[in-house]
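[1] my questions are about this predicted structure, shown below with the sequence.
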Amino acid sequence: MKRGGIINAQLAGALARLGHTDTLVICDAGLPIPRGPEIVDLAFRLGTPGFGTVLEGILEELVIEEAVAAREVERENPGCYALLASRLPELKLVPHWELKVRTADARLVVRTGEATPYSNVILRCGVPF
């Protein structure tokens, strides 16, 4: 058994398969997920697990070179925006419709149980050197 980190076998394996420039989406329970990307659905009940918990766990595992969120998060979900801005200084904001379009190009989508609108982010993987 692993000592720590992400212990969900499906998620740990999916993260290990990501490479430089691959993108993954961490999303709330309501984001439409297109056909194509691998999906790891962590949602158990509305609110569980929360977006912040999943984001923090994934950021401990990966090198991120770019992050994209919906522009609407600034106004509609200031708590989520504050978290994203503090943890992802390279955060770019786009209209929500564009974020949904970009989701189709992701290699992995991690669905949380988050029930707060606009709790979504696209992360592009970097390298540790």
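    Received, thanks. Note that the coordinates shown come from a computational prediction; the quantities given were computed from them, not determined experimentally.

[2] what's the longest strand along the chain packed up against?
    If you go by DSSP state E, the chain has its longest strand at strand 64-70. Where contact means 3 or more Cβ pairs under 8 Å, 6 or more residues apart in numbering; DSSP states H and E, strand 64-70 is packed against helix 78-87, strand 91-94, helix 96-103, strand 121-125. Where C-beta positions appear, they are placed from N, C-alpha and C, glycine not excepted.

[3] what's around the closest residue in space to Arg71 that isn't next to it in sequence, how many residues?
    Take Arg71 and drop its neighbours on the chain: the residue closest to it by Cβ to Cβ, 6 or more residues apart in numbering is Leu93, 4.2 Å away. By other Cβ atoms under 10 Å, 18 other residues sit near Leu93.

[4] from memory Leu93 sits against Arg75, does it?
    No. Applying Cβ atoms under 8 Å as the test, Leu93 and Arg75 come out as separate, 10.7 Å apart.

[5] how close does the closest residue in space to Leu123 that isn't next to it in sequence get to Pro49?
    In space, and not counting its chain neighbours, Leu123 is closest to Ile64: 5.0 Å by Cβ to Cβ, 6+ apart. Counting by Cβ to Cβ, to the nearest Å, the gap from Ile64 to Pro49 is 19 Å.
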